[in-house]
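**Q** compute the structure for the input listed below.
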Amino acid sequence: MPKEAPGGISSLIGRTIKNIRPMTADEAEREDWTFRRNGAPAVIELDDGTLLYPSRDDEGNGPGALFGYEKGKQFSINFR
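**A** Numbers count the residues shown, from 1 in each chain. You can find the predicted model right below:
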């Protein structure tokens with residue numbers, strides 16, 4: 001099971017998103033994940049090199065979907 005961020009969750013506050021991109025095959029392999037029909041999950045890169053990505057559950061049993069809400073509309077980030 002993944003551990004908490006080295007500086008705690010509060011270490012993420014104030015960080016800037018530098019990029020949003022699909023997860024690479026090497027990153028997926030590191031997590032022991034395989035891509036399925038939904039394609040690669042999104043990876044959010046922060047200004048300090050931190051990478052954030054969705055998991056299907058809190059044990060990291062596979063990639064998940066990233067959803068958001070903006071101006072009254074729901075959206076998802078996916079790379080198919």
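**Q** gap between residue 6 and residue 77?
**A** 25 Å (C-beta to C-beta, to the nearest Å). Quick note: C-beta positions are derived from backbone N, CA and C, even for glycine.
**Q** for residue 52, same thing?
**A** For residue 52 relative to residue 77 (C-beta to C-beta), the value is 12 Å.
**Q** look up how far residue 47 lies from the residue of the chain most remote from its centre.
**A** Most distant from the centre of the chain: residue 72, at 22.8 Å, with distances by C-alpha atoms, centre = their mean. Note on residue 72: its distance to residue 47, by C-beta to C-beta, is 29 Å.
**Q** show me where the protein has strands.
**A** Here the chain has its strands, by DSSP state E, at 17-22, 42-46, 51-52, 66-70, 73-77.
**Q** let's have those strands in JSON lines, adding mean pLDDT, distance to residue 28 and mean neighbour count.
**A** Shown next, in JSON lines, are the strands of the chain (pLDDT from 0 to 100; distance: least, C-beta to C-beta, whole Å; neighbours: other C-beta atoms under 10 Å):
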{"stretch": "strand 17-22", "mean pLDDT": "96", "distance to residue 28": "10", "mean neighbour count": "12"}
{"stretch": "strand 42-46", "mean pLDDT": "96", "distance to residue 28": "10", "mean neighbour count": "17"}
{"stretch": "strand 51-52", "mean pLDDT": "95", "distance to residue 28": "12", "mean neighbour count": "14"}
{"stretch": "strand 66-70", "mean pLDDT": "92", "distance to residue 28": "15", "mean neighbour count": "10"}
{"stretch": "strand 73-77", "mean pLDDT": "92", "distance to residue 28": "16", "mean neighbour count": "10"}
